[in-house]
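>>> following is a predicted model, sequence given first.
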Amino acid sequence: MKKELILIFILFVFLFFIQIKASFCDIYYYADENGVAHFTDYSIGKKTKLIIKSKKKKSHVSGKYSNYISQAAKRFSLDPHLIEAVIKVESDFCPKAVSKHGALGLMQIMPKTAEELNLKDPFCPKENIMAGSKYLKQMLDLFNGDFKLALAAYNAGPNKIISEDNQIPKETHHYVEKVLHCLNQYKKRKIAYER
C-alpha cells in the first residue's frame, strides 16, 4: 500500500508541474487482483479512484473544425452534430490522439480501417474527419439508419455487432449513450452548421 501511495504522489507531482498542452482528462487509479497499479483516463467502476480532476477547456473546441465537419456532413448526408458528437467522445477534439488499441486521430480510426478508407494521414484533421464520416455513413447504411447499432459498429466493429445478432455488447453500450447524449447537447446549442 505504501508503494502505491508513493507512486500516486510521484504521478501527481509530475503531472502538476509538467503541463501538457493537450491533456484535459481526469486520471483514475486502481490496483488489480495482483496488486499492480493502473492509471487510466476513464473510470471502470467502483474499484477506480479519481486522483486528478482535469481543468475543463472553456472554449468550444469543435468550432476549430466546424468547416471540415460541415463539408463531411454535406458529402455523406450526415447530421454535422452527429459527427461532432462522435469526435467529442472518441478523442475530445485532439487531432493527435492515439488510443491504447491503436485508433488514430480525431475520429479514432483503426489502422486497418484507415487503409480501407484510403486515409493517408490520420493526424490531418480534414482527412480524418472525412474518412471517419465516410465510415460512420457506411455503418448507418449497413444497419438501415439505426443510430444505436451504427454507433456500436463504429466503436466495436460491424462484425462484432452482426455476430451478436444486432445486440449492442455491454462494453459498447456506454459509448453509444455518451455519443447520443453529446448529440442531444450539441443540437440544443444555437450554433448552426452551414448546409
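Yes, it's here.

>>> least confident secondary structure element in this structure?
Sorting the helices and strands of the chain by mean pLDDT, DSSP states H and E puts helix 2-17 at the bottom, at a mean of 62.

>>> how about the strands in this structure?
With strands called from DSSP state E, the chain shows them at 27-31, 37-40, 49-52.

>>> least confident of the ones you listed, on average?
Among the strands of the chain, strand 37-40 carries the lowest mean pLDDT, at a mean of 70.

>>> count the neighbours of the closest residue to Lys96 other than its chain neighbours for me.
Nearest residue to Lys96 in three dimensions, chain neighbours excluded: Phe123, at 5.6 Å (Cβ to Cβ, 6 or more residues apart in numbering). C-betas here are computed from N, CA, C, even on glycine. Phe123: 13 surrounding residues under other Cβ atoms under 10 Å.

>>> against Lys53, how distant is Phe123?
28 Å (Cβ to Cβ, to the nearest Å).

>>> please apply the same query to Asn159.
Taking Cβ to Cβ, one finds Asn159 at 37 Å from Lys53.

>>> do Glu127 as well
34 Å.

>>> do Leu151 as well
28 Å.

>>> got it, and Asn184?
25 Å.

>>> same question for Met110.
Taken as Cβ to Cβ, the span from Met110 to Lys53 is 30 Å.

>>> which of those two has more neighbours?
Using other Cβ under 10 Å as the criterion, Met110 and Lys53 rank with Met110 on top: 16 against 9.

>>> does that one touch Val98 like I think?
No - between Met110 and Val98 there is no contact under Cβ atoms under 8 Å: 11.0 Å.

>>> which residues do these two both contact?
Leu104 (Cβ atoms under 8 Å, 6 or more residues apart in numbering).

>>> how is this protein divided into domains?
For the chain, automatic domain parsing gives the domain ranges 2-52, 61-188.

>>> mean pLDDT lowest where, among those?
Minimum mean pLDDT among these: domain 2-52, a mean of 64.

>>> deepest of the domains of the chain, which one?
Using mean count of other Cβ atoms under 10 Å, the stretch among these with the largest mean neighbour count is domain 61-188, at a mean of 18.
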